[in-house]
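Peer 1: Sequence and predicted structure are below.
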Amino acid sequence: MDFQTSKNLGGVGALLLFIGPLFSYAHFLGGFLSPIGFILVLIALKSFADHYKDAGIFNNALYSFITCIVGVVLAVGVFIATAFAVIADLGITDWTNAAEWTAVFASEIALDSLLALLGGGIIALVILYVFVILTAWLYRKSLVKLASKTGVGLFGTAGLLFLIGAVIPVVGLLLTWVSSLLVAIAFFSMKPTAEPPP
């Protein structure tokens, strides 16, 4: 893949990461834009890793993607397992039977079960938080390597902003969102360079 194509793929992918959250509120198909965007960015990073003979550009981004998926699966798994354990402890056999649910919540056991569910939810959030920070750290490493090879410092700035956004809960979502726009601008700012000698 040539330099210009890789640059355009990366820029378009980062733009999809930026506009994906906006469209996901308007239409459910908007939720597919961000994953597609990240895949395009990965393809571009693979191409640039080959171009600059630095596997870390792609590998760190790939590990970041895998870490993100593992973190989400683990967090969701912990919460679902906790929820099923709580429901089993409550003795609910028919989920559609309102009388069973009413009887459970009228009893004293319900408070302990709700606390157990809350505890499971907190553990799931902590797991997710740790994996989000690890994901951001790996993605930043990839962008910093790309910045050093291309001379486009905006990649490094975007990586730092992404990491800071991951560390700060809730408010940080805005920073990570803005960092995708910076990545897009950085991709479109790249200038073709000669391939480094072997």
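Peer 2: Yep, that arrived. Numbering: from 1, shown residues only.

Peer 1: Would you mind finding the longest helix in the protein?
Peer 2: If you go by DSSP state H, the chain has its longest helix at helix 109-150.

Peer 1: Which residue is the nearest non-sequential neighbour of the residue positioned nearest the centre of the chain?
Peer 2: In the chain, the centroid-proximal residue (C-alpha atoms, centre = their mean) is C68; its distance is 5.3 Å. Once flanking residues are discounted, C68 sits nearest to T135: 4.4 Å by C-beta to C-beta, 6 or more residues apart in numbering. The way it works is simple: take the backbone N, C-alpha and C, and place the C-beta from them, glycine included.

Peer 1: How about T157?
Peer 2: L182 is the one closest to T157 (C-beta to C-beta, 6+ apart), at 6.2 Å.

Peer 1: what's next to the helix or strand encompassing that neighbour, contact-wise?
Peer 2: Element membership of L182, judged by DSSP states H and E, is helix 172-189. Helix 172-189 is contacted by residues 7-8, 10-12, 14-15, 17-18, 21, 37, 41, 44, 136, 143, 147, 152, 154-155, 157-159, 161-162, 164-166, 168 when judged by C-beta atoms under 8 Å, 6 or more residues apart in numbering.

Peer 1: Just the buried ones out of those residues, please.
Peer 2: If you count burial by 16 or more other C-beta atoms under 10 Å, the buried members of those come out as 7, 10-12, 14-15, 17-18, 21, 37, 41, 44, 136, 143, 147, 152, 154-155, 157-159, 161-162, 165-166.

Peer 1: and the residues you listed, which of them are in helices?
Peer 2: Among the buried ones among the contacts of helix 172-189, the members found in helices (DSSP H) are 7, 10-12, 14-15, 17-18, 21, 37, 41, 44, 136, 143, 147, 154-155, 157-159, 161-162, 165-166.

Peer 1: any idea how far A184 is from G77?
Peer 2: Counting by C-beta to C-beta, to the nearest Å, the gap from A184 to G77 is 33 Å.

Peer 1: try L40
Peer 2: Distance, L40 to G77, by C-beta to C-beta: 29 Å.

Peer 1: So between the two, which is more surrounded?
Peer 2: L40 (20 against 12; other C-beta atoms under 10 Å).

Peer 1: wait, the more buried one sits on G10?
Peer 2: Yes - judged on C-beta atoms under 8 Å, L40 makes contact with G10 at a distance of 7.0 Å.

Peer 1: shaky segments in the protein?
Peer 2: Low-confidence segments of the chain, defined by pLDDT under 70: 26-30, 90-112, 193-198.

Peer 1: so Q4 is in which element?
Peer 2: Under the assignment here (DSSP H and E), Q4 is part of helix 3-26.

Peer 1: one step back: which elements pack onto the longest helix of the chain?
Peer 2: The elements that helix 109-150 packs onto, with contact taken as 3 or more C-beta pairs under 8 Å, 6 or more residues apart in numbering; DSSP states H and E, are helix 33-51, helix 56-90, helix 154-167, helix 172-189.
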